[in-house]
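Novice: below are the sequence and a predicted model; questions follow.
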Amino acid sequence: MLSLKELTELPLNDFMNLVSKHLKKANFLVNGRCQNPNSVIEQHDIFNAQLKKHIDPNKEVAVLSALPLFYLDYKGVSALTEFS
């Protein structure tokens, strides 16, 4: 796992690649599409999808990093399309 210092020194393209992968995972969980989301993914939607698809049937959760979701919320979808 990268330390915070290492993360701040990560080249922008590598950072955006990591962000994109995590957002695709979240979008697949919530919307069933393995692509960058075209809108902000709400926390309650993630919870409901986790509950329906993982917690209730299998007693497990899909692990998502919060940083990409914060980035999407703060910068918006347009920030993702600049690096696609």
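Specialist: Nice, I can see it. As the structure is a prediction and not an experimental result, all values here were calculated from the model.
Novice: I'd like the distance between the spatially most central residue of the chain and Pro57.
Specialist: Geometric centre of the chain, nearest residue: Leu23, 2.7 Å, by CA atoms, centre = their mean. Plainly put, Leu23 is 24 Å away from Pro57 if you go by CB to CB, to the nearest Å. All C-beta spots, glycine's among them, are computed from the backbone N, C-alpha and C.
Novice: same question, Glu42
Specialist: 22 Å.
Novice: so the two - more neighbours on which side?
Specialist: Set Glu42 next to Pro57 and count neighbours by other CB atoms under 10 Å: Glu42 wins out with 12 against 9.
Novice: the residue nearest to the centre of the chain reaches Leu69, doesn't it?
Specialist: Yes - under the criterion of CB atoms under 8 Å, Leu23 makes contact with Leu69 at 7.3 Å.
Novice: need the overlap of contacts for those two.
Specialist: Overlap of the contact sets of Leu23 and Leu69 (by CB atoms under 8 Å, 6 or more residues apart in numbering) consists of Ile41.
Novice: if we can go back for a sec, show the contacting residues for the residue nearest to the centre of the chain.
Specialist: Contacts of Leu23 (CB under 8 Å, 6+ apart): 36-37, 41, 68-69, 72, 80.
Novice: contacting residues around the residue nearest to it when sequence neighbours are not counted?
Specialist: Using CB to CB, 6 or more residues apart in numbering and skipping residues adjacent in sequence, the residue nearest Leu23 is Pro68, 5.0 Å away. Residues in contact with Pro68 (CB under 8 Å, 6+ apart) are 18-20, 22-23, 26.
Novice: now do Ala62
Specialist: By CB under 8 Å, 6+ apart, the neighbours of Ala62 are 25, 29, 50, 53-54.
Novice: specify the local secondary structure of it.
Specialist: Assigned by DSSP: H, G, I helix; E, B strand; the rest coil, the conformation of Ala62 is coil.
Novice: so the residue of the chain most remote from its centre, which of the three states?
Specialist: For the chain, the residue at maximal distance from the C-alpha centroid (CA atoms, centre = their mean) is Pro57, at 22.6 Å. Following three-state DSSP, Pro57 is assigned to helix.
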